[in-house]
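[1] coords below, sequence missing:
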């Protein structure tokens, strides 16, 4: 019998067409015109993809033709985005979808001209910096207005409202409350800064979108067009569907896999959810819980390297570290967050006594354990295999290794396709089809192994060849384009089905579709980065960043934890309704400096990457939070559940992600920082994973049996101790000992590779404010001298008797990002206390507490569990 609240939930349903429309409206544009208009949009999107591939390739510099500098490339990039935004996104709900109205063509043309203004008149603008003509002003004002309208269409009102608020702040600074007031700016100064320079709209964010993000989004679109998405989903179902609540666990892994190649949580929900949500319901999951599992796992795809919703490439610029380092620091929190979600759905299955889907043939438990572990660590294993298994090729062949590995990849591709041709082609079941038995593991996995080769090529380029992210993505994309064109003919050849000509034509059609889809997927991201540039430009023009720091300092009363909670809440509010890329730009620009400055005053000295990941995680939580979360709306439509209830349940599931930033901000070993040996690495991974699982158990009220309140409290205590063992050790022993500043040169010279040095400074800032704070100096590789090592981070110091002063800080350097200024005096250096025992000793009482909870709950597991509800319940 169906309960009344379920009848209410079931009243909300979206058809396949409506789901596709949601994705189109949010990601690629809702218009699907026909005839010559469709061809024009297709050719424009294709031209954009080809332009991006051209500027990423070595060809312009090799041939000496069509070479564009960074500013010109950014202007052309945004011109394509603005043109397609007006052509592909309707102005209103009642606007036509099957053709482009005349006024939209006009807006598209004018918007593209204004965006390309820096390219068209680059030489003239260079001769009059800060002195705009009437034509310059007209292009800037009209361009900014049309950019905001394009953002309204592609991103919705929240992004536009935020940008407008910051524009108002620029011009009405004197009328603002005293704590955030400033002198204001004239129209000429404001527009020059925003549109005619690289400080505002055409700043770092659009630069990263032009250089890196487009290529990775294109790579993901081509991989999806090739069939990798279906392969990942079917593989996850085949591997994990037999477990308790197996379809939910498969949904978690499938969403993590597609999150590797997708920059959109909404597309992730619809791609995997149309298949996994009905399966979850079929084994007994309640509608809103099935939808919430999909939402939580799909949104978490944005924190999973290598793409991270395109934020990874922005972090490279904002933090000043390499792309490989960003991935290294982000991988463990992402993995343990997914493992915790996997554990949550396991606990839900235990509470409801749910079973998995049956196999045609039973799988031995040993093989099941191995396949599960490999499922979770597949990308790590692949990376390790390439780096340590084939890295010797680089040492042996030197520069020729690129050609050698290319030939090996080609041979491996042909061999793998020939091997995979022995197995049937994968097809996704329709949502209304009942799956009686799980797909067989062997044939499913073997039929699409060639999809891993472009990912392997990307890893090789990044880790072994150490090419830039853009060039790495370019070569991997070229290989993927070759696969798209050739896979169908090769499968037809090896299967003996004939029709090679038709298969080749389909291959070229797939390539064209992938190039166009990649460009259309980029419209919203490019518009988002450009619009977010307004916020960045406001910060650099008005100094509101300092005002935000003072505001949070006043509200928090100097308390560190209150400050972090305030920042987290503000990030949640700022992130509502914003796409991932714009979300990160906004929260990192406004809130990251707040943590750095206020933390430095209270002794919280952490690497910049920890701060940026902190604000990024909380900005992303807004994707789940009702009433804005579109991902929850789409999942609810598939599950026939209430969107608000789905969003709230998904937010509860996402609590294990919300706890992580507070932990890694105090224990940076979770970001794989400061780990000295393999044992410490293994201990960090194991304890962090266990801590995340215990937090899930505490918040779900179930460990090995239903938890009582005191048992949940003990599990939370275990979680805290495993995540932050140093908290208890700090109560027993002082963590640091103070060293005189005259020892700076010796300590810098002797410090090991990639060490960080805690240094306290004080002095008068450029704004005339007395500063006394700590900074964490990232020392990087060893150098011939201390001065050379400091110079790499942009810092020059000099000794004056018993004092050490900052002599110079290089513009745009890591030292400047840390807030160091010329004239600051080094007052003290802090080193870890030599008499303090290792904080890891605190794991022993934590494990003892965990054993106690297990012992208390064990007798209750023998009682009869409740029977599973029917699938309709």
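    Alright, I've got the coordinates. Not measured: the values here are computed from a predicted model.

[2] residues touching residue 698, list them.
    Residues in contact with residue 698 (Cβ atoms under 8 Å, 6 or more residues apart in numbering) are 707, 712, 713, 715, 716, 719. Heads up, the C-betas are built off the backbone N, CA and C, glycines and all.

[3] Which pLDDT value goes with it?
    On pLDDT, residue 698 comes in at 91.

[4] Tell me where the stretch 301-450 of the chain has strands.
    For the stretch 301-450 of the chain, strands defined by DSSP state E, counting those that start in this stretch do not occur.

[5] Can you pull out the low-pLDDT segments for it?
    Applying pLDDT under 70 to the stretch 301-450 of the chain picks out residues 307, 309, 361-383, 428-434.

[6] ditto for the chain
    Judged by pLDDT under 70, the stretches of the chain that qualify are 1-30, 259-265, 307, 309, 361-383, 428-434, 625-630, 862-873.

[7] which one's the longest helix in it?
    helix 500-542 (DSSP state H).

[8] Tell me where the protein has strands.
    736-739, 755-764, 770-780, 795-800, 803-809, 825-832 (DSSP state E).

[9] quick one: which of those is nearest residue 685?
    For these, proximity to residue 685 was assessed by Cβ to Cβ; strand 755-764 is nearest, at 21.0 Å.

[10] Minimum distance to residue 726: which of the strands of the chain has it?
    strand 825-832 (10.5 Å).

[11] For the closest one, list every residue counted as buried.
    826, 827, 829, 830 (16 or more other Cβ atoms under 10 Å).

[12] From start to finish, how long is stretch 117-129 in a straight line?
    14 Å (Cα to Cα, to the nearest Å).

[13] gap between it and the chain center?
    35 Å (Cα atoms, centre = their mean, to the nearest Å).

[14] again, but for stretch 538-545
    With Cα atoms, centre = their mean, you get 26 Å for stretch 538-545.

[15] For residue 662, which non-adjacent residue is closest in space?
    residue 564 (6.6 Å; Cβ to Cβ, 6 or more residues apart in numbering).

[16] residues in contact with the one you found?
    Applying Cβ under 8 Å, 6+ apart to residue 564 gives the contacts 595, 614, 662, 665.

[17] number of nearby residues for the third one?
    Neighbours of residue 662 under the rule other Cβ atoms under 10 Å: 19.

[18] before we move on, the earlier item: if any of the contacts of residue 564 are buried, put those into a ChimeraX selection.
    Command for ChimeraX, covering only those of these found buried under the criterion 16+ other Cβ under 10 Å:
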select :595,614,662,665
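
[19] tell me, what residue is most central in this protein?
    Centroid-nearest residue in the chain: residue 308, 2.0 Å away (criterion: Cα atoms, centre = their mean).

[20] my guess is that residue meets residue 333, correct?
    No. Between residue 308 and residue 333 there is no contact under Cβ atoms under 8 Å: 11.0 Å.

[21] What are the boundaries of the helices in the stretch 51-200 of the chain?
    With DSSP state H, counting those that start in this stretch, the ranges of helices along the stretch 51-200 of the chain come out as 59-63, 70-88, 102-115, 117-120, 122-126, 134-155, 157-171, 187-195.

[22] For residue 594, give its distance to residue 857.
    Note on residue 594: its distance to residue 857, by Cβ to Cβ, to the nearest Å, is 42 Å.

[23] Please say which of those two ends up with more neighbours.
    Remark: of residue 594 and residue 857, residue 594 carries more neighbours, 25 against 17, as counted by other Cβ under 10 Å.

[24] For residue 571, which of the strands of the chain is the nearest?
    Checking the strands of the chain against residue 571 by Cβ to Cβ gives strand 770-780 as the closest, at 21.8 Å.

[25] for the closest one, packing partners?
    Packing partners of strand 770-780 (3 or more Cβ pairs under 8 Å, 6 or more residues apart in numbering; DSSP states H and E): helix 592-602, strand 755-764, helix 786-792.

[26] and the ones you listed as CSV, adding distance to residue 403?
    CSV is the format used below for the helices and strands packed on strand 770-780 (distance: least, Cβ to Cβ, whole Å):
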stretch, distance to residue 403
helix 592-602, 42
strand 755-764, 38
helix 786-792, 33
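
[27] which residues touch residue 196?
    Residues in contact with residue 196 (Cβ under 8 Å, 6+ apart) are 118, 125, 132, 136, 140.

[28] 6 Å - rerun?
    132, 136, 140 (Cβ atoms under 6 Å, 6 or more residues apart in numbering).

[29] Check residue 829 too.
    739, 759.

[30] Could you rerun that using 10 Å?
    Counting by Cβ atoms under 10 Å, 6 or more residues apart in numbering, residue 829 touches 736-744, 747-748, 757-760, 774, 777, 804.

[31] what separates residue 550 from residue 598, distance-wise?
    Applying Cβ to Cβ, the value for residue 550 to residue 598 is 10 Å.

[32] what does residue 637 give?
    Between residue 637 and residue 598 the computed distance is 42 Å (Cβ to Cβ).

[33] from the chain's centre, how far out does stretch 440-454 sit?
    On Cα atoms, centre = their mean, the centre of stretch 440-454 falls 26 Å from the chain's centre.

[34] For it, buried residues please.
    The neighbour-count check on stretch 440-454 (16+ other Cβ under 10 Å) flags 441, 444, 445, 447, 448, 449, 450, 451, 452, 453, 454 as buried.

[35] quick one, phi/psi of the fourth one?
    Torsion angles at residue 447 (phi, psi; degrees, to the nearest 10) stand at phi -80, psi -20.

[36] From residue 770, how far off is residue 182?
    Look at residue 182 and residue 770: by Cβ to Cβ, they are 21 Å apart.
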